[in-house]
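Student: Dropping the sequence and predicted coords here.
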Amino acid sequence: MSDSAPVDPWDRARTLAMGTVVRVTTDDGREWRGAVVPPHELSGERILQLKLATGYNVGLRLAPTDTLEVLEAAPPIGNGSTAPVARSASPGSEPWLALLTTGGTIASRVDYRTGGVRPVQGESEILSFYPDLDRDGPVRVVPVFDRLSEEIGPPDWEEMARRTVAVLAEGASGVVIAHGTDTLAYTSAALSFLLEDLPGPVVIVGAQRSPDRPSSDGFTNLSAAVRLARHPELAEVVVVMHEGLSDDRFAIHRGTRVRKMHSSRRDAFRSRNGPPIGWIEGTTVHLVHPFRARSKGPARFSGPMGTGAMILWFHPGLEPSRAEAFVSGARGVVIAGTGLGNLALTHLPWIQRAISRGTTLAMTTQCLEGVADPYVYATGRELARAGVLYLGDMLPETAYTKLLWALGRSTDPKIVGELLLAPRAGEVEPRHEAEDHL
Amino acid sequence: MKAGLEVHQQLATGKLFCACPAELSETVTRTVTRRLRATGGENHAIDAAAAFQASRNLTYEYEATPTSCLVELDEEPPHALDPEALDVALTMALLLDARPLDEVEVMRKIVVDGSNTSGFQRTALVAVDGTLEVDGKTYSIPTICLEEDAARKVGESKEGIRYRLDRLGIPLVEIATGPEIASGPEARAVAEELGILLRATGRVRRGIGTIREDVNVSTEGGARVELKGVQDLRRIHQYVDGEVERQKLLLATAATLRARGARVPTDAPVEVSHLLRGVASGPLGDALRTGGVVVGIGLPGFGGLLAPPGTARERLGRELADYARATGLRGLFHSDEAPSHGIEGEVVPALRAALGASLSEDAFVLVGAPEAARAHRALAAVRQRATDSLRGVPEETRDPMPDGRTRYSRPLPGRDRMYPETDVPPIPVSPERIRTLRARLPPHPREVRARLVAAHRLSDETVRTLQRSGEVERFDWLTGRGHAAPLVAQLLSREIVATGDETEPFEFPVGLLDEILTAVESGDFAKEGLGRVLAALAEGSPTVADAVARSGLQTMSRAELDRLASSLVAKNAPLIAAKGSGAFSPLMGDLMREVRGRRDGQEVAAVLRDALAKQATTGAA
């Protein structure tokens, strides 16, 4: 490769396809030979990243006086794949499961360009990561969407619920939903309200480590979730994730009572205000607390979700005017109050105004455990008198999804309030044992 | 023979990717159980070594300690790479005249033997193209890497391996030499020189296991073999020589196999449990008694080559057994071992017939396993190894054994096991940083050596010993206090090293060493008694004077020494008469036993010589 005019090698380098083998001769006389790999998005200026024959990547700061030669063109994409690719199950007479994929870490892999993780593309890629998925029976993979869970919202919950109803109607004996963990508990709560008359379990599962890592919890979590989805009796929306830091025990959490309690640990998910429904250990499912049994079906979609709900996290110094502006236009507000469900009484005027306009206001506790109770303190009594609904031990996130669901069913604040208070999917537990505290 | 070294030295900074101290611990705070799986890297290809390890389907147990945190448990993302550790690696690069990279990219090296909770080791290439001069020969240093140490193996069972997390994440500088080492002693000299350079940075951990060597051996016509974790520098040559011998033997075996037309059939393995029930003893018998199976294959043309007479150490049968063992079984039985373990007499032809190995030139291999699937997996590995034996020597990673031999551990990992660690941003290495480090560079050990040799007339070897044990600074201080250089060197390079436990050497404060030297120089005890005084101090003697007293080393008076010498000479008159001057040595030995450390050795010799001379005079008279 000889160019008539000196060319800045950086201009050339930037146009090279990933995998192109080049030789760079730097002005100190050293030769580098390697395949071009995409730079990390935090790489410095004029840094060319090469993968050397040893497998190491190196960053070279290309000087205008360096020379760059192309030795081999980039190989076609996907070349050299030796990863096992499992067959997609074709449901026959055997009982089969549906695996709904929605994106998230459990269905993500490293993006070597940005350095972050990206959703896997389609069914074959997910099967390449989980080749023993259908070891105990057919599993049909149903891609719903590819989204990190922070991008998932109420219309997506509806979509997941509709798809669940559809695969159950087609004869799936259980459903597993692979989901990002950040908002997984919102989805599990929302689906708990949106699905009725389930003839089989709906198991939501995620991973705290992406499956391109040998230590990913996705392999064992998914395996446990699939095992539970074949359970002959259980039929409610549950979350299955690691119970501790070991890869041998998985908790079964009720969809309305679970929360992501840690940003990175594999046992991030915990049932709040009560124990999990049960555990999975090895090939055994232990259901030790009451659960909802299979109905004859067919499953029904009891949406749609309403709109115009939000969560207000009260904190010291929150100005009433800002709070009022924040919730203006909302049809319903879940307040995460302090302690037993309190906030500064300077907020009472806007609360009264909002309720008189027909806004539903509901109180939960921002403590991570315990109940919201209006009768212990004068503040609570004042708020209850003003019409704030106290939701007991319902988690603020669960209360938010239930409020959206209630708003979808009625425009009458009175009925919305009644729906919000009526137990529906195990979201309120009247009894708390001493051992329940984390 | 061509050999290259990889030296791994732990750094005394904090851990590489978290805020834990780089310290081991004997306190276990929690144990977790994990499984690892081989996964594809950037191009989705699964590395052979990684797939092999994952296929063993082991369970790993990890012991957390107060010196490990959520990062080591793979429960929190790695923090940014420790800048101090990088500075040490860059300093080494400069001491080796290497070229630092412009930007350091942290990679994940897939290692699913469980020694990393994440399933990969984080490693970064820091510099390339260095050189090292040892004894007038120049070696290339192609790479200098910074990587995290693996977890410490503390136990092993049938189900899996137990690791402790204290060591995981301790920074390691990895220095690789080119394949230019021509002998074992040379390998040792190179490793020691690298050790001295590392010490010069002042930021390395000390003690057993803080420096480890891998040796890459290639032989003419053979293959590259990596010997992993040679802890004892003195044995490098033993391993290298052993590897050369092993490869020679395998090459010769390959030639014979080819000449015989030996082959490795692909027929399904045959279960022969019915032939061996109640007959076989040893591992095969154990397998059958506990409800397992014995399965075998024939190897036509391999007969007599698995354990030829006179090759007790290295032989093909052992290689095959190592592969079977690596799949988790106890090993195998092959036909060259018959008759033994109850496999004798009529059962042998029956086995030969069942396994298609009926000619005497044919061999067969048996494995016992709890279930057929595991036996098949082991035999697949045996077949793989047998196929390789037709070609010569396979590329492998091998473990050094305490007896100086090596044992197969896994296939040599390839480039497919490396992919970027995306959780850690790349680290730019600015020219300013290099300039700063260059300005702060410690004196090169080569220059230090020249200075000490010139200033104190010490031997090159003595200075090297001081450098290896990191005692140059204390040597300078103590000689600066006026102590005689040879005595200080003896104290620092020999005496204190030999004191106390090998794993937990007693730390003598420099002030105490100063007192000890003063005591020797003022005649409180003779330098021959240094070892005993140091031992007494290590055992708890509160003062040097007390240690001298406890060791029975109070100086003997000159008069008493004279008396002792005279009586010894008198007692041995016949010997002296018979041997003449040849009697000096045995008598000197006897005398020193009495007075070692209480009078100076040279003085003792002079006194003895005087006494002998006197005896000769008296005798003649």
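Tutor: Done, it's in.

Student: biggest helix in the chain, by residue count?
Tutor: All of this refers to chain A. Longest helix in chain A, counting residues (DSSP state H): helix A:154-169.

Student: try again with chain B
Tutor: helix B:236-260.

Student: which helices and strands does that helix pack with?
Tutor: Helices and strands touching helix B:236-260, by 3 or more Cβ pairs under 8 Å, 6 or more residues apart in numbering or on different chains; DSSP states H and E, are helix B:184-200, strand B:211-218, strand B:225-230, helix B:316-326, helix B:372-391, strand B:406-411. All C-beta atoms are positioned from the backbone trio N, CA, C, and that covers glycine.

Student: Contacts made by the helix or strand following the fourth one with the rest, please.
Tutor: By that I understand helix B:316-326. Moving toward the C-terminus from helix B:316-326, the next helix or strand (DSSP states H and E) is strand B:333-334. Outside strand B:333-334, the residues that touch it by Cβ atoms under 8 Å, 6 or more residues apart in numbering or on different chains are B:280, B:282-284, B:306-307, B:317, B:320-321, B:341, B:343, B:363-368.

Student: which ones among those are found in strands?
Tutor: B:363, B:364, B:365, B:366, B:367, B:368 (DSSP state E).

Student: From residue B:69, how far off is the residue of the stretch 301-438 of chain A found nearest chain B?
Tutor: Here the residue of the stretch 301-438 of chain A nearest chain B is residue A:438; by Cβ to the nearest Cβ that distance is 16.9 Å. To residue B:69, residue A:438 is 20 Å away according to Cβ to Cβ, to the nearest Å.

Student: tally of neighbours for residue B:221?
Tutor: Residue B:221 has 11 neighbours, counted by other Cβ atoms under 10 Å in any protein chain shown.

Student: brain fart, residue B:67
Tutor: For residue B:67, using other Cβ under 10 Å, the count is 22.

Student: re earlier: can I assume the residue of the stretch 301-438 of chain A closest to chain B is in contact with residue A:368?
Tutor: Yes: counting by Cβ atoms under 8 Å, residue A:438 does reach residue A:368; the two are 7.3 Å apart.

Student: between these two, which one's more packed in?
Tutor: Legend: neighbour count by other Cβ under 10 Å for residue A:438 and residue A:368, higher for residue A:368 (13 against 9).

Student: Check whether that one sits in a helix, strand or coil.
Tutor: Secondary structure assignment for residue A:368 (DSSP: H, G, I helix; E, B strand; the rest coil): coil.

Student: any idea of the pLDDT on it?
Tutor: Note for residue A:368: predicted pLDDT of 84.

Student: so what pLDDT did the closest residue to it other than its chain neighbours get?
Tutor: Once flanking residues are discounted, residue A:368 sits nearest to residue A:272: 6.7 Å by Cβ to Cβ, 6 or more residues apart in numbering or on different chains. Looking at residue A:272, its pLDDT is 94.

Student: Could you pull up phi and psi at residue A:272?
Tutor: As for residue A:272, its main-chain torsions (degrees, to the nearest 10) stand at phi -100, psi 150.

Student: so it touches residue A:256, yeah?
Tutor: No: contact criterion Cβ under 8 Å: residue A:272 and residue A:256 do not qualify, at 9.9 Å.

Student: hey, what's in contact with both of the two?
Tutor: With Cβ under 8 Å, 6+ apart as the test, residue A:272 and residue A:256 both reach residue A:395.

Student: quick one: residue B:352 is in a helix?
Tutor: Yes: assignment of residue B:352 by three-state DSSP places it within a helix.

Student: since we're on it, how many residues are nearby?
Tutor: 20.

Student: likewise residue B:568?
Tutor: 17.

Student: Where does it sit, in terms of helix or strand?
Tutor: Residue-wise, residue B:568 maps onto helix B:558-571 under DSSP H and E.

Student: Show the contacting residues for residue B:546.
Tutor: Neighbours of residue B:546 in contact, by Cβ under 8 Å, 6+ apart: residue B:536.

Student: now it, what's its secondary structure?
Tutor: Residue B:546 is classified as helix under three-state DSSP.

Student: what's the pLDDT at it?
Tutor: pLDDT, residue B:546: 86.

Student: gap between it and chain A?
Tutor: According to Cβ to the nearest Cβ, to the nearest Å, residue B:546 and chain A sit 52 Å apart.

Student: What residues does residue B:553 make contact with?
Tutor: Applying Cβ under 8 Å, 6+ apart, the residues contacting residue B:553 are B:525, B:526, B:529, B:532, B:533, B:597, B:598.

Student: on that earlier part again, make TSV out of the helices and strands packed on helix B:236-260 and add mean neighbour count, distance to residue A:421 and mean pLDDT.
Tutor: Listed next are these as TSV, based on neighbours: other Cβ atoms under 10 Å in any protein chain shown; distance: least, Cβ to Cβ, whole Å; pLDDT from 0 to 100:
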stretch	mean neighbour count	distance to residue A:421	mean pLDDT
helix B:184-200	22	70	89
strand B:211-218	22	66	85
strand B:225-230	20	66	83
helix B:316-326	23	64	89
helix B:372-391	20	57	90
strand B:406-411	20	62	82
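
Student: In TSV, list these along with distance to residue A:350.
Tutor: Formatted as TSV, these follow (distance: least, Cβ to Cβ, whole Å):
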stretch	distance to residue A:350
helix B:184-200	68
strand B:211-218	68
strand B:225-230	69
helix B:316-326	71
helix B:372-391	70
strand B:406-411	68
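
Student: Stretch B:13-27 near chain A at all?
Tutor: No: using Cβ under 8 Å from any Cβ of the partner chain, stretch B:13-27 never reaches chain A; the gap is at least 12.6 Å.
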